[in-house]
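Engineer: Predicted structure and sequence below. I'll ask about it afterward.
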Amino acid sequence: MSEALKPPFAPLVAVVTTDLAAITRGRFVPADRVAAVLEGGVGWLPANLSLTAFGTIADPNPWGSKGDLRVLPDPAARYRTGATGAETPFDMIIGDIVELDGAPWSCCPRTVLKEAVAALKAATGLTLRIAFEQEFQIFGADFPPAHPLSMAALRRADPLAPRLAAALEEAAIEPETLIAEFGADQFELTCAPADPVTAADRAIAIREIVRETASVAGYRASFAPKTAVDSVGNGVHIHFSLVDDKGRPATYDPAAPAGLAAPAGAFCAGVLRNLPALTLLSAPSPTSYYRLRPNSWSASWTWLADRDREATLRICPVNVARGRDPAPQYNIEYRAADATANPYLALAGIIRAGLAGISGSLPPPPIVADHPDRMDEARRAELGLRRLPDSLEGALAAWRADDIADSWFAPKLVETMLGVRAMELRFMADKTPEQLCQTYRDLY
């Protein structure tokens, strides 16, 4: 067809939600209908929450074929850019799943996060600043070999990195750094901290913009936790800090061990107490557990450390050169997460666990300098260190054994989550580890 005969494009806007399998799904509407859609949303089904990453609905599930919902787009969560290289603009509005009368649906992951944020604020006067740090790999590019972290490693992918930076800037995601990481054709993206819901929205938008930009270039981007059994893993590191009702930093106390203020210490203690169950939210796929292994720079124990990337909770460094104030920089990194997790649900779990720690006046956890693998069992017990689950089956068992975690969400949401993960295990039961990695590489 000649250029003269091509029909004009009708811009489309995606109204989306992200499900328990961390797949972002939705409906596309013509751009000139967005105003109406902002008022009434688009149709959705309860059973959509039971969709697996394999395109099947988990069976059994609590929904069946009945019921109707709406995805109500949030105009503050609209991400638009024409810089991905696609013929039409990337235009996505993230929404909340609501009942037909507009009331919040108790099983909407984004609503669940909003409720956790509100509960923390109501009980303590505190809220969080969050940033998601995400790693991904590029496939199909045939890049020449290059040293990790080197100029050449980033420039060999040109113009992928500058195009990504332009797209993220235009979408108001506030990108900060793009790194050529240690793994084969692996990159890491960071963005500025934000409130918890915005941070989770940005995590979703980054994944979709990266995938589209890579696809337009003829590549494929994967955020899977392990793309091969012996490969470097792709993590999602969740950085968090507490702020008071006036926006002042509340995580840092220069008089406390490692600078960890009392409320932040109690928050971390709550997270560590429920950490084995939390892995079901933050690292919920079979291949997640090929990454969460000792001596892999990820996470493997219920462990708080100062600037140690083997710890599940890491106190991050601060730059005090030239008199810089450490308080607004000071943050904690949660490292037992990856992109097979729904970021809203993972973050909601972290907040609920941390709030329980503060409400229960838990003492700050010990800041452990030695690797738990080098300790004997008595020393680990003395420090309260427990091994994280080493499989999805283990994470499911940890969740079922944790009454505190089981109380965080509506029963039907928990039932749906457990059903999705059980279906995933059945679907993958006959796969070798390498086949599992290849499957999830293509899915994510």
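Structural biologist: Nice, thanks for sending it over. Residues are numbered from 1 along each chain as shown.

Engineer: can you give me the helices in the chain?
Structural biologist: Listed in chain order, the helices of the chain (DSSP state H) span 34-40, 109-124, 151-155, 160-170, 196-216, 262-273, 275-282, 288-291, 343-359, 377-383, 392-400, 403-406, 411-427, 433-443.

Engineer: Can you check which of those helices gets nearest to Gly235?
Structural biologist: helix 288-291 (6.8 Å; CB to CB). Heads up, the C-betas are built off the backbone N, CA and C, glycines and all.

Engineer: Pull the contacting residues for the closest residue to Leu345 other than its chain neighbours.
Structural biologist: Leaving aside its sequence neighbours, Leu345 sits nearest to Pro109 (CB to CB, 6 or more residues apart in numbering; 4.7 Å). Contacts for Pro109 (CB atoms under 8 Å, 6 or more residues apart in numbering) come out as 17-20, 342, 344-345, 348.

Engineer: With Asn295 instead?
Structural biologist: 310, 371, 373.

Engineer: Filter these down to the buried ones and express that as a PyMOL selection.
Structural biologist: The PyMOL selection below is limited to those of these classed as buried (16 or more other CB atoms under 10 Å):
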select buried, resi 310+371
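
Engineer: quick one: low-confidence ranges for this structure?
Structural biologist: The model of the chain has pLDDT under 70 over residues 1-7.

Engineer: any idea which residue sits dead centre in it?
Structural biologist: Among the residues of the chain, the one closest to the centroid is Pro343, at 3.5 Å (CA atoms, centre = their mean).

Engineer: Could you report the neighbour count for the residue lying closest to Ala180 once chain neighbours are set aside?
Structural biologist: Among residues not flanking Ala180 along the chain, Ala153 sits closest, at 3.4 Å (CB to CB, 6+ apart). Using other CB atoms under 10 Å, the number of residues around Ala153 comes to 21.

Engineer: do the same with Glu382
Structural biologist: When neighbours are counted by other CB under 10 Å, Glu382 registers 11.

Engineer: So it versus Pro276, what's the distance?
Structural biologist: Computed as CB to CB, to the nearest Å, the Glu382 to Pro276 distance reads 19 Å.

Engineer: go on, Ala321?
Structural biologist: Ala321 sits 39 Å away from Pro276, taking CB to CB as the criterion.

Engineer: One more: Ala146?
Structural biologist: Using CB to CB, Ala146 is found at 39 Å from Pro276.

Engineer: cool, and Val117?
Structural biologist: As judged by CB to CB, Val117 and Pro276 stand 24 Å apart.

Engineer: Comparing Ala321 and Pro276, which residue is more hemmed in?
Structural biologist: Pro276 (22 against 6).

Engineer: nearest spatial neighbour of that one, skipping sequence neighbours?
Structural biologist: Nearest to Pro276 is Ala398, by CB to CB, 6+ apart, at 3.7 Å.

Engineer: Now do the contacts for the one you found.
Structural biologist: 276-277, 279-280, 389.

Engineer: Turn these into TSV, columns for distance to Ile138.
Structural biologist: Converted to TSV, those look like this (distance: CB to CB, whole Å):
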residue	distance to Ile138
Pro276	33
Ala277	34
Thr279	27
Leu280	29
Pro389	30
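
Engineer: Of the residues you listed - the most surrounded one?
Structural biologist: Neighbours here mean other CB under 10 Å. Within those, the largest count is held by Thr279, at 29 neighbours.

Engineer: Tell me if I'm right that that residue and Leu292 touch.
Structural biologist: Yes - using CB atoms under 8 Å, Thr279 and Leu292 qualify as a contacting pair, with a distance of 7.2 Å.

Engineer: All set now, cheers.
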